[in-house]
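[1] Give me the fold of what follows.
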Amino acid sequence: MTLVELKKSIHKKIDDLNDQDYLDMLNTMISYKDKVFQIPQEHLTGIMQGEEDIKNGDFLTLEDLKKRYEKWLKD
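    A predicted model of the protein is given here:
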């Protein structure tokens with residue numbers, strides 16, 4: 001499908017839509033197409049800390065977590 005064909009197909013589908021909520025959602029998606037998602041600084045800090053923890057071996061494997069959870073349930 002060429003770009004022109006795709007646009008025509010999308011236009012036709014939109015023209016046939018009568019669902020206000022769906023059209024609002026599509027409008028929002030199209031409006032934000034060129035906006036870059038910014039990760040908040042506090043999230044970036046947490047991500048960097050997590051990466052550092054992994055490099056330093058400061059993490060639990062899933063198996064370790066399961067063992068701790070089972071122990072916690074018994075206590």
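[2] Let's see the pLDDT reported for Ser31.
    If you check Ser31, the pLDDT there is 89.
[3] how deep is it tucked in, by neighbour count?
    Ser31 has 9 neighbours, counted by other Cβ atoms under 10 Å. From N, CA and C alone the C-beta is placed, and that goes for glycine too.
[4] so who does it touch?
    Applying Cβ atoms under 8 Å, 6 or more residues apart in numbering to Ser31 gives no contacts.
[5] Quick check: it vs Met25, distance?
    Per Cβ to Cβ, to the nearest Å, Ser31 is found 11 Å from Met25.
[6] Let me know the secondary structure of the closest residue in space to Ile47 that isn't next to it in sequence.
    Spatial nearest neighbour of Ile47, excluding adjacent residues (Cβ to Cβ, 6 or more residues apart in numbering): Ile39 at 7.7 Å. Of the three states, Ile39 takes coil according to DSSP: H, G, I helix; E, B strand; the rest coil.
[7] Can you show me the helices along the chain?
    3-16, 20-31, 41-55, 62-74 (DSSP state H).
[8] State the mean pLDDT of the first one.
    If I follow you right, that is helix 3-16. Throughout helix 3-16, pLDDT has a mean value of 96.
[9] helices or strands next to it in the packing?
    Counting contacts by 3 or more Cβ pairs under 8 Å, 6 or more residues apart in numbering; DSSP states H and E, helix 3-16 is packed against no other helix or strand.
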